[in-house]
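**Student:** please find the sequence and the predicted model below.
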Amino acid sequence: AKALSDGQLDSAGQHFSAAAELAPERPEGWHNLGLVMARKGEADTAIVNLKRAMEIAPRDPVMSRNFAMILKSAGRIEESTDAFRRALGLNKEDAELWESAGVVLLQQRQFKEAADVLAHASKLAPASPAVRSNLGLALNAIGKADEAQAHLEEALRLAPNFAEAYLNLGTLRQAQHDVEGAIQNYQRALAAGARKEQVFFDLSTAYGLNQDFDASLKYLDKAIEIDPVYAEARRNRGMLHLMSQRYSAGWPDYEWRWSCADFAGRQRPFHQPRWQGQTIDGRLLVWSEQGIGDEILYSRMIPDLMARGINAVFEVDPRLVNLMARSFPGIDVVPRATPPARRCGDPDIVAQIPSGSLGQFLRTEEAQFRSAPRQTLQPERNRVQHFRQAIGAGPAEPVVGLSWRSANPELGPQKSIEISKLERILKIPNRRFVSLQYGDSQSDRAAAYRQTGVEIAHIPDLGLTSDFDEVAAITAACDVVLTVSNSTAHMAGALGVPTIVMVPQGSAKFWYWGTDRELTPWYPSVSILRQAAPGAWDEVIGRAVERLHALTKN
């Protein structure tokens, strides 16, 4: 111990190693050896020894604290999250530990738990501007803007030149759609010494929300010039190019999504080499990424592969297997599983690629979109006829499918529309409306009926979240679909059904809907109605009424 306190790390390591070997049943030797290894910069060895100590003394407060903190410093954030949870229960009064745990939870995007942990940290250390700033960030992420602002302002009162608080206050202003206020705070953060690449990234986001895409791109370029491996900046630049239909420029940067902490996709454990667009002698494994909507979007490129004579094995969400197999005869469709299905490891598969990476080889210019089929998904025709009859439309009643909510946990509120706002839609005469809304829509449909006297048809026991073969069939039974930006929009577009997608302004606007055009090359049957300002749905609804009149003349 004296050697460690004197900084004689080699000597301390030797002593603690000997102690651990002489008394392996005692945790102290392993714990102290782990601390020495951490001080020497040998994080992996340190963690092995600390883990051994924790196995012997799982409720030791000091050891649990050090184990969590060293995991965090080693960048092993996911592991450290559970370690911090254990340590917090044993160290109720350790402000630094609670603050560090809150930061880790923020990194893991577990905002509600982060807010609770940081609120406790702020009670332990009320004069810490860092704790106040991080608490403000967490509260803002869970929609408690007023509380967030109070903590951020207190952080700046405690430390008037605190760059991180200015950055977080800028994020708060963005969430309030105060773009100019956000930009001002980001500029203050820059003057206070914040990392330039971080500020440029945040400025890019703010200018993008303000529809100034040239300025947004300029600041992303600045951030990447400083830090060429800034994954979030590279990913966002890729999406900005794709949004503007500059595909050749966009796809390479979009590949950086895999290195982004906020990316929802996860790499699959396949051993085959990544496909680079070449001709192959064997099969190509294409595996889906992200959510159902993205799986449908990228499946639009499967016919491109088939046209090039490439035999594919397509791994998809199990709920999509039947639909994809019917739609793409000649390829093997397998359900995604953990561990992967045996078929994914068969020797005839010589390369693999995530579906979102196909675009860099298959969709680099607009002509490739124009030659793609209008409809790629093929519903079961008997089911389509069954649902058409079950909807109960009269012979002169066009069927309008409706979806008004997104279940996205972060962006869903921005993308969703309150059912009451659809009154003008529902009062269009001689139309039969049917719910395509996944999740429990009973209360919304009842509220719409009380408000308008118009029934939105609902097919009982329809598996809108469990059986996408049924979703495809009822969607194809509609003459037109009106929806917000969710998986319904992708399903209808891939089925070739005339579709109106109501797209929000702000951070919930996705790149595949473009910037200002009413059409997207991904889905020729889809037309896009955009908000002029965040939250401004009324004008969008008005245009949707006109569009529905035009699409459903009877």
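**Tutor:** Now that the structure is in, tell me what you want to look at. Residues are numbered from 1 along each chain as shown.
**Student:** need the next SSE after the longest strand along the chain, C-terminal direction.
**Tutor:** Scanning the chain for the strand with the most residues, using DSSP state E, yields strand 523-530. Next helix or strand after strand 523-530 toward the C-terminus (DSSP states H and E): helix 538-551.
**Student:** next, the buried residues of that next one.
**Tutor:** By 16 or more other Cβ atoms under 10 Å, the buried positions in helix 538-551 come out as 540-541, 544, 547-548, 551. Any C-beta I mention is one placed from the backbone N, CA and C, and that applies to glycine too.
**Student:** also stretch 225-232?
**Tutor:** So stretch 225-232, judged by 16+ other Cβ under 10 Å, has buried residues 227, 230-232.
**Student:** which among these gets closest to Lys421?
**Tutor:** Glu232 (33.5 Å; Cβ to Cβ).
**Student:** which ones are touching the closest one?
**Tutor:** Taking Cβ atoms under 8 Å, 6 or more residues apart in numbering as the contact definition, Glu232 lies against 201, 256, 260-262.
**Student:** compute the number of surrounding residues for Gln176.
**Tutor:** 14 (other Cβ atoms under 10 Å).
**Student:** same deal with Ala121?
**Tutor:** 27.
**Student:** can you check Pro524 too?
**Tutor:** Neighbours of Pro524 (other Cβ under 10 Å): 16.
**Student:** so for Glu78, what pLDDT did the model give?
**Tutor:** Looking at Glu78, its pLDDT stands at 83.
**Student:** what's near enough to touch it?
**Tutor:** Glu78 neighbours (Cβ under 8 Å, 6+ apart): Gln108.
**Student:** what's the first helix or strand after the helix or strand containing it?
**Tutor:** Secondary structure from DSSP H and E places Glu78 in helix 77-90. Per DSSP H and E, the first helix or strand lying C-terminal to helix 77-90 is helix 95-107.
**Student:** just the buried residues of that following helix, please?
**Tutor:** In helix 95-107, the ones that count as buried by 16+ other Cβ under 10 Å are 95, 97-107.
**Student:** same check, this time on stretch 511-525
**Tutor:** Going by neighbour count (16+ other Cβ under 10 Å), the buried part of stretch 511-525 is 511-514, 520-525.
**Student:** and the least confident of these?
**Tutor:** Gly514 (87).
**Student:** which secondary element of this structure has the worst mean pLDDT?
**Tutor:** helix 2-5 (a mean of 45; mean pLDDT, DSSP states H and E).
**Student:** list the residues that contact Ile500.
**Tutor:** 480-483, 526-529, 544, 547-548, 551.
**Student:** now for Leu362: which residues touch it?
**Tutor:** Contacts of Leu362 (Cβ under 8 Å, 6+ apart): 301, 304-305, 368.
**Student:** quick check: mean pLDDT across stretch 193-206?
**Tutor:** The pLDDT scores in stretch 193-206 average 95.
**Student:** chain center to it, what's the gap?
**Tutor:** 21 Å (Cα atoms, centre = their mean, to the nearest Å).
**Student:** please apply the same query to stretch 400-414.
**Tutor:** 14 Å.
**Student:** start to end distance for it?
**Tutor:** Counting by Cα to Cα, to the nearest Å, you get 23 Å between the two ends of stretch 400-414.
**Student:** residues of that stretch that come out buried?
**Tutor:** Neighbour counts over stretch 400-414 (16+ other Cβ under 10 Å) mark 400-406, 408, 411, 414 as buried.
**Student:** what packs against the host helix or strand of Ala53?
**Tutor:** Assigned by DSSP H and E, Ala53 belongs to helix 43-56. Helix 43-56 sits against helix 27-39, helix 61-73, with contacts defined as 3 or more Cβ pairs under 8 Å, 6 or more residues apart in numbering; DSSP states H and E.
**Student:** circling back to that earlier point, can I get the buried residues of stretch 511-525 in TSV including distance to Pro429?
**Tutor:** Listed next are the buried residues of stretch 511-525 as TSV, based on distance: Cβ to Cβ, whole Å:
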residue	distance to Pro429
Trp511	37
Tyr512	34
Trp513	30
Gly514	33
Thr520	30
Pro521	35
Trp522	33
Tyr523	29
Pro524	29
Ser525	25
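**Student:** which of those sits closest to Glu418?
**Tutor:** For the buried residues of stretch 511-525, the nearest to Glu418 is Trp513 (21.1 Å; Cβ to Cβ).
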